[in-house]
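S.K.: my questions are about this predicted structure, shown below with the sequence.
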Amino acid sequence: MSDEVPKTQNLIKSIIENKTQAASWMNTPAVIRPGMYCYSAKAKPLNIVGMPHGREWTPDSDDWNLPENWMEILSEGLRDRLDRFRSLKVFMDICVRCGACADKCHYFIGTGDPKNMPVLRAELLRSVYRKEYTVAGKILGKLVGARPMTAEVLKEWWYYLFQCSECRRCSVFCPYGIDTAEITILGRELLNLLGLNIDWIATPVSNCYRTGNHLGIQPHAFKDMIEFFVDDIEEITGVRVNPSFNRKGAEILFITPSGDVFADPGTYTAMGYLILFHYLESMGLDITWSTYASEGGNFGLFTSHEMMKRLNAKMYAEAKRLGVKWILGGECGHMWRVIQQYMGTMNGPADFLEVPVSPLTGTKFQNAASTKMVHITEFTADLIKHNKLKMDTSRNDDLKVTFHDSCNPARAMGLFEEPRFVIKSTCKNFYEMPESTIKEQTFCCGSGSGLNAGENLELRMRGGLPRANAVKYVHEKHGVNMLATICAIDRAALPPLMDYWVPGVSVTGVHELVGNALILPGEKQRETNLRGEPLPGMEEE
């Protein structure tokens, strides 16, 4: 499959052409084409975690090698979820197809495909529900928007349920409060009953199950990566930081997404964490990293409720093993949706932990009373508010920064002001994108919910168009050259998006900015930032 993306002019033209198509959606079969889908899940990762019907199949083939009784499996699976999840039953019944959500989805905006309207994406599932569970649907069929399940409908489900990043922007605008992302989650659960996952989700899930992180990094390799950062920090600052690993009796366990340890520009964010923790050690911070619970992110969220619970359990298990008091979490997106919305009841109660209290300011984080986990931007914002950090913000003077509200921390947990406060405290030049594109109305990076692969790059560039357009606005108006975010997937997905739509804008984590600005006791005069680039005023003549 080609990972090439059409030139921007051709891509825009195709959006307009798609939106002018007038054919009935029920009579328009899905055309599964390269660049718009991820590779199918292989048998091995599915078998590792005990998921059913792992096998070899490809999305572009006519025969998906479905089990003989696949319709029965799907029907029973839908019935089970309608019984277990009252929200699904409600969402199936109350939608009036008003279309308030239609133009709110970045995938519809970027593709022009009517089936990417949230209302119609949900209708793919709802139409089968009507046929099986409503009297009108059984009698009148298509006249009331009902249709039977067929192999063609199943392929349509797969194609479009994996063109949704579960960002929940559509739910903000729904007058009935329908959460289309939850429909997507449950629709994917049904597909997983038939082994119809994608490789970019199934492999990270199995990796996390085996090694504690999505990338399959072994504990010794994880430690080695952190120690590489220690060397880089010493070269830049002259100070050698000394992180601890798996230390029993530490007060705080730190868990961050593995992307911060493995992939640029997340690695610079990890260096920022290390610098901050070293700075605070002499003030009483007692913190350790784990090489076993080495992942905060949870691809189980994109698989099933059961898998989400299963993968998330490692964080509490490791906290219990090490005997810490509470957990500090790094900059991640879906990690924080799972924690905020599910963890307290799904993996709790965490009654062996304490309500988090900052050992440096005495602040009690009541919002974490249930989960016992604090987001690092909350922690750092509290430090800055209490004047605990000495910083030289001129080191970031070459940056004109805007902030991308990552969908899950923003819409799922309302984390709006703390990251902005940290950015404004470390940088002099900060500019907001248009109001309708930030905070609870933020646009997605276009690559969330496991869609950050290489083979679906066209879909990612299309889905990321609205976010890129907002960045382009502040880039042209204010000269913005840096896009900050607090999500590991964003830090991986946004650089190619910027290169395609807004060349000249780079991507950073918030704590990279903190690491640049912090003045470490005993440090040498810094000449470069954490990326090894000259600081303002240090450029060679």
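M.R.: Everything's here; your move. Owing to the predicted nature of the structure, the values given are computational and were not obtained by experimental measurement. Residues are numbered from 1 along each chain as shown.
S.K.: name the helix or strand of the chain that has the lowest mean pLDDT.
M.R.: Ranking every helix and strand in the chain by mean pLDDT, DSSP states H and E puts helix 8-19 at the bottom, with a mean of 68.
S.K.: so what does the helix or strand following it touch, helix or strand wise?
M.R.: On the C-terminal side of helix 8-19, the nearest following helix or strand under DSSP states H and E is helix 43-48. Judged by 3 or more C-beta pairs under 8 Å, 6 or more residues apart in numbering; DSSP states H and E, helix 43-48 is in contact with helix 199-211. For the C-beta atoms, the positions are set from N, CA and C on the backbone; glycine is no exception.
S.K.: buried sites along the helix it packs on?
M.R.: 199, 200, 201, 202, 203, 204, 205, 206, 207, 208, 209, 211 (16 or more other C-beta atoms under 10 Å).
S.K.: check the contact between the first one and residue 44; I expect there is one.
M.R.: No - between residue 199 and residue 44 no contact is recorded; they are 10.2 Å apart, counting by C-beta atoms under 8 Å.
S.K.: for the strand or helix carrying residue 137, which positions count as buried?
M.R.: Under the criterion of DSSP H and E, residue 137 resides in helix 135-140. For helix 135-140, the neighbour count (16+ other C-beta under 10 Å) marks residue 137 as buried.
S.K.: now stretch 413-426
M.R.: 413, 415, 416, 418, 419, 420, 421, 422, 423, 425, 426.
S.K.: what mean pLDDT does it get?
M.R.: When pLDDT is averaged along stretch 413-426, the result is 97.
S.K.: what's in contact with that stretch?
M.R.: Residues from elsewhere that reach stretch 413-426 (C-beta atoms under 8 Å, 6 or more residues apart in numbering): 336-337, 339-341, 375, 377-378, 380-381, 384-385, 391, 393, 396, 401, 403, 405, 409-410, 430, 439-440, 484, 486, 510, 513-514, 516-517.
S.K.: can you check stretch 461-479 too?
M.R.: 5, 11, 15, 106-107, 109-111, 163, 165, 400, 402, 404, 429, 431-434, 437-438, 443-447, 451, 480-481, 483, 493-494, 496-498, 500-502, 504-505.
S.K.: could you redo the last one with a cut-off of 7 Å?
M.R.: 5, 11, 106-107, 109-111, 165, 400, 402, 404, 431, 433-434, 437, 443-447, 480, 483, 497-498, 500-502, 504-505 (C-beta atoms under 7 Å, 6 or more residues apart in numbering).
S.K.: next step: the contacts of stretch 413-426 restricted to strands.
M.R.: Applying DSSP state E to those, the entries found in strands are 375, 401, 403, 484.
S.K.: and the residues you listed, which two are furthest apart?
M.R.: Based on C-beta to C-beta, the longest span within the ones in strands among the contacts of stretch 413-426 runs between 375 and 401 and measures 19.4 Å.
S.K.: between the two, who's got more neighbours?
M.R.: Remark: of residue 375 and residue 401, residue 375 carries more neighbours, 26 against 23, as counted by other C-beta atoms under 10 Å.
S.K.: where does the more buried one land on pLDDT?
M.R.: 97.
S.K.: check contacts around the residue nearest to it when sequence neighbours are not counted.
M.R.: Leaving aside its chain neighbours, residue 375 sits nearest to residue 329 (5.8 Å; criterion: C-beta to C-beta, 6 or more residues apart in numbering). Going by C-beta under 7 Å, 6+ apart, residue 329 touches 255, 296, 335, 336, 339, 373, 374, 375, 376.
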